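> I would like to see how this sequence folds:
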Amino acid sequence: INICSNPLALSFRYKDDVDSPTEENGKQKVLYSLEFTFDADARVAITIYCQATEEFVGGMAVYSTKNPSLQSETVHYKRGVSQQFSLPSFKIDFSDWKDDELNFDLDRGVFPVVIRAVVDEGDVVVEVTGHAHVLLAAFEKHVDGSFSVKPLKQKQIVDRVSYLLQEIYGIENKNNQETKPSDDENSDNSNECVVCLSDLRDTLILPCRHLCLCNSCADTLRYQANNCPICRLPFRALLQIRAVRKKPGALSPVSFSPVLAQSVDHDEHSNSDNIPPGYEPISLLEALNGLRSVSPSIPSAPLYDEINYSGVVDGMPPASRPLVGMDRAVESSHQKGKRSKSPD
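Below you'll find the model as predicted:
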């Protein structure tokens, strides 16, 4: 489960509506509801909590509100990607809120809004039982009296163990047609390593979390310098993130993709360590954002259940799956074969 925090937004309800409720001074009330996009590999149940406290019971996060009206009904969705959540029946009336209730209260441990998405137990799938994604957010009041929502942090709960998600910088889909081109000619809008400018990025620098290096340059950098090429801050570890997918069959439509064929041609240059039998490496950015130039009859990206993730920290054994899942999301993840050239 992955809740996309970037499109998280408040939408107006009852504004300029003649049938809308009014305040004591005769002005029409402006009510809000939350809308966001999410991905799910299984059936999911989503609930919104306002002014909620957090408690962990049996490894699962449980949220409670001081008033039942501050909790939405639970909405059930089937598995799918880029699904839109909208619940007009659950409205937020900020006229009943105090100013200090808009932000997170550390002393009382009260979160202004919590979005909790859990795997629907009706699936009876043992592997995902106890899996949930939680997004904690606050509200901001603007000068004009309007409100907006601001994500604070996100958690992935896997096998009843909670992991805090961190954003990866440089993993965005730079080929999205909806993204406006930057006016700055010197802006970093490429997917290549910032050092060699040829191989695709697949290595993350910690703790700054800049995804800016290919594995070869990262291996060289750790013996020659100890600063991130982007922010110049010292780093303490390097995390390579590689994606693999099931090898397509002889009659699979994916076999006819010219972009994919180019990636397969570079298999001899890729690092085959820790790749499960029957799988092949794929570009991290391609796995996250889809193929860039394919026929409309061909799927734009591998299915979720055909992509596995593994990570290697500074030459150490592969990280556990929940740790790499930390930034899929990311916010949130991801991989490519070593020295794989850009399709461009």
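> pLDDT weak spots in the stretch 101-250 of the chain?
Per-residue confidence for the stretch 101-250 of the chain (pLDDT under 70) gives these ranges: 121-130, 172-189, 249-250.
> just the helices in it please.
For the stretch 101-250 of the chain, the helices defined by DSSP state H, counting those that start in this stretch cover 215-224.
> which residues of it fall in strands?
For the stretch 101-250 of the chain, the strands identified by DSSP state E, counting those that start in this stretch occupy 110-119, 132-141, 147-158, 161-164, 203-206, 210-213, 237-246, in order along the chain.
> The fifth one packs against which elements?
Read that as strand 203-206. Using 3 or more C-beta pairs under 8 Å, 6 or more residues apart in numbering; DSSP states H and E, the elements in contact with strand 203-206 are strand 210-213, helix 215-224, strand 237-246. C-beta here means a position set from N, CA and C on the backbone, and glycine is covered the same way.
> from the strands of the stretch 101-250 of the chain, which stretch is densest packed?
Mean neighbour counts were taken over the strands of the stretch 101-250 of the chain using mean count of other C-beta atoms under 10 Å, and the top value, a mean of 25, falls to strand 203-206.
> Give me the angle between the lengthiest strand in the chain and strand 132-141.
Using DSSP state E, we find that the single longest strand of the chain is strand 44-57. Counting by axes from the mean of the first three to the mean of the last three C-alpha atoms, to 10 degrees, strand 44-57 lies at 90 degrees to strand 132-141.
> Same list (the helices and strands packed on strand 203-206) but as TSV, adding distance to Ser283.
Shown next, in TSV, are the helices and strands packed on strand 203-206 (distance: least, C-beta to C-beta, whole Å):
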stretch	distance to Ser283
strand 210-213	13
helix 215-224	12
strand 237-246	7
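> Of all these, which one comes closest to Val195?
helix 215-224 (4.1 Å; C-beta to C-beta).
> List the buried residues for that closest one?
215-219, 221-222 (16 or more other C-beta atoms under 10 Å).
> mind putting the strands of the stretch 101-250 of the chain in TSV, distance to Asn67 included?
Output for those, formatted as TSV (distance: least, C-beta to C-beta, whole Å):
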stretch	distance to Asn67
strand 110-119	12
strand 132-141	17
strand 147-158	19
strand 161-164	26
strand 203-206	42
strand 210-213	43
strand 237-246	43
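> before we move on, back to that, parallel or antiparallel, list what pairs with the helix or strand just after the longest strand of the chain.
Sequence-wise, the next helix or strand downstream of strand 44-57 (DSSP states H and E) is strand 60-65. As defined by DSSP bridges, the strand partners of strand 60-65 come to strand 44-57 (antiparallel).
> out of the buried residues of helix 215-224, which one sits closest to Leu285?
Comparing these against Leu285 with C-beta to C-beta places Asn215 closest, at 14.2 Å.
> From Gln71, how far off is the closest one?
46 Å (C-beta to C-beta, to the nearest Å).
> do Phe139 as well
17 Å.
> Who are the contact partners of Ile92?
For Ile92, the contacting residues are 10, 31-34, 50, by C-beta atoms under 8 Å, 6 or more residues apart in numbering.
> oh, I was asking about Val62
Shown in contact with Val62 (C-beta under 8 Å, 6+ apart): 54-56.
> please redo it, this time with the cut-off set to 10 Å
Residues in contact with Val62 (C-beta atoms under 10 Å, 6 or more residues apart in numbering) are 52-56, 116.
> Also Phe94?
Here Phe94 is in contact with 10, 29-32, 101-102, 139, 141, 145-147 (C-beta under 10 Å, 6+ apart).
> try 7 Å
Residues in contact with Phe94, defined by C-beta atoms under 7 Å, 6 or more residues apart in numbering, are Phe147.
> For it, what are phi and psi?
Dihedral angles of Phe94 (phi, psi; degrees, to the nearest 10) stand at phi -70, psi -10.
> And it, how far from Tyr49?
Taken as C-beta to C-beta, the span from Phe94 to Tyr49 is 16 Å.
> tally of neighbours for Ser190?
14 (other C-beta atoms under 10 Å).
> first to last residue in stretch 218-235, what's the distance?
Across stretch 218-235, the terminal residues are separated by 12 Å (C-alpha to C-alpha, to the nearest Å).
> ignore the last one, stretch 99-116
Start-to-end, stretch 99-116 (C-alpha to C-alpha) is 24 Å.
> Stretch 91-108 too?
Stretch 91-108: ends 24 Å apart by C-alpha to C-alpha.
> Could you do stretch 195-215 as well?
Note: stretch 195-215 ends 11 Å apart using C-alpha to C-alpha.
> So what touches that stretch?
Outside stretch 195-215, the residues touching it (C-beta under 7 Å, 6+ apart) are 166-171, 191-194, 216-218, 221, 228-231, 233, 235-242, 283-285, 335-336, 338-342.
> Give the buried subset of those as a PyMOL selection command.
Burial among the contacts of stretch 195-215 is assessed by 16+ other C-beta under 10 Å; the matching PyMOL selection reads:
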select buried, resi 166+168+169+170+171+191+192+193+194+216+217+218+221+228+229+230+235+238+239+240+241+242+283+284+285+335+336+338+339+340
